[in-house]
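# Next comes the sequence, and after it the predicted model I'd like to discuss.
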Amino acid sequence: MSLVIVEKVRPNVSVVRMNRPERLNAMSFGLMTALVEAFKEVAADNTCYVAILTGEGRGFCSGLDLEDPGAIPGIEDLAPSRIGVVAMTHFSQIVPVMRATPQPIIAAINGCAYGGGLCLSLGADIRIAEESVVFNSTGIVNGLTSTELGASYLLPRLIGASRSNEILLTGRKVDALEAERIGLVSRLVADGDVVETAIEMAEQMCELSPFGLSMTKQVCWSNLETNSLTAAIDLEDRNQLLLGATENLIECINARKQGRKPVYTDRPRTDLVGKK
């Protein structure tokens, strides 16, 4: 059985589905290996414009599997003092991999998103959740810390330091209504509808420029780390110039005049070639 399934549900939309439903998609070493490989597969698929991450069964992801995490890969001949670092890196690499994936990622969150599951949702670009979803920063409850997989970086940037600190320090549960109210998710849907809603959203996004989607994602992430308005705008300007050098804007203008939807190809502007 594949621990992660990648399915092309539409010509330009891929669903990445964690597939350990009997364990509420708890994070094992094997699952994380498969998840990293799945996003690398999606990233290499030039016909995929938008990706969706979800969990099979009753839960999105219940965090670290405390009962059956599996064997740590790649530790042959390592001293015991180094094994822990290898193990942690095997889990923590996933959010940077999601960030490096050029396609926007929609987290379609079902059931529970505990511990590492909360972190996976933070690594997505858009989060939508079912009405019964519950979030929880589980590390602190389990005698560890809540600072894992980028949570201490991403969560305060999404909902503010005060709310983030409370959630990370208390380990209390956050239901779907509160998650939407504080901005942890952008939309709630009825139970059972989250993947289909994410597919509909992805299809709408696929009507846009795939180059524009990719470059918008890249700059949104990069400017999370920028502490200067000028630097942020400089990057935005260059980003916009890249898209301005395509035929997309001309296609948009022509489509509006003709009363039709634009079809963006991201091809270079031919009217600029050869002109001085």
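Looks like it arrived, so ask away. Numbers count the residues shown, from 1 in each chain.
# Pull the contacting residues for residue 193.
When contacts are counted by Cβ atoms under 8 Å, 6 or more residues apart in numbering, residue 193 touches residue 130. C-betas here are computed from N, CA, C, even on glycine.
# Could you measure from it over to residue 98?
24 Å (Cβ to Cβ, to the nearest Å).
# Residue 240 too?
25 Å.
# more crowded one of those two?
For residue 240 versus residue 98, the count of surrounding residues by other Cβ atoms under 10 Å is larger for residue 98: 25 against 13.
# According to the record, where do the domains of the protein fall?
Following automatic domain parsing, one gets these domains for the chain: 4-205, 210-258.
# could I get those as a markdown table with mean pLDDT?
Shown next, in a markdown table, are these (pLDDT from 0 to 100):
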| stretch | mean pLDDT |
| --- | --- |
| domain 4-205 | 96 |
| domain 210-258 | 95 |
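# Now render those domains as CSV, adding distance to residue 271.
Formatted as CSV, the domains of the chain follow (distance: least, Cβ to Cβ, whole Å):
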stretch, distance to residue 271
domain 4-205, 26
domain 210-258, 8
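# from these, which stretch is densest packed?
Compared across the domains of the chain, domain 4-205 shows the largest average neighbour count, a mean of 19 (mean count of other Cβ atoms under 10 Å).
# how far is it from where the chain is centred?
With Cα atoms, centre = their mean, to the nearest Å as the basis, domain 4-205 stands 7 Å off its chain's centre.
# Any idea how far apart the tips of it sit?
In domain 4-205, first residue to last residue: 24 Å (Cα to Cα, to the nearest Å).
# Stretch 181-199 too?
Counting by Cα to Cα, the terminal residues of stretch 181-199 are separated by 23 Å.
# Quickly note the distance from the residue nearest the centre of the chain to residue 25.
The chain has residue 124 as the residue nearest its centroid, 1.8 Å off, counting by Cα atoms, centre = their mean. Remark: distance between residue 124 and residue 25 (Cβ to Cβ) = 15 Å.
# go on, residue 244?
Distance of residue 244 to residue 25, computed by Cβ to Cβ: 42 Å.
# Pretty sure residue 9 sits against residue 200.
No. Taking Cβ atoms under 8 Å as the definition, residue 9 is not a contact partner of residue 200, at 11.0 Å.
# Any idea how far apart the tips of stretch 124-136 sit?
One end of stretch 124-136 sits 17 Å from the other (Cα to Cα).
# I'd like to know which elements the helix or strand hosting residue 54 is packed against.
Per DSSP states H and E: residue 54 is located in strand 50-55. Packing partners of strand 50-55 (3 or more Cβ pairs under 8 Å, 6 or more residues apart in numbering; DSSP states H and E): strand 13-18, strand 105-109, helix 194-205.
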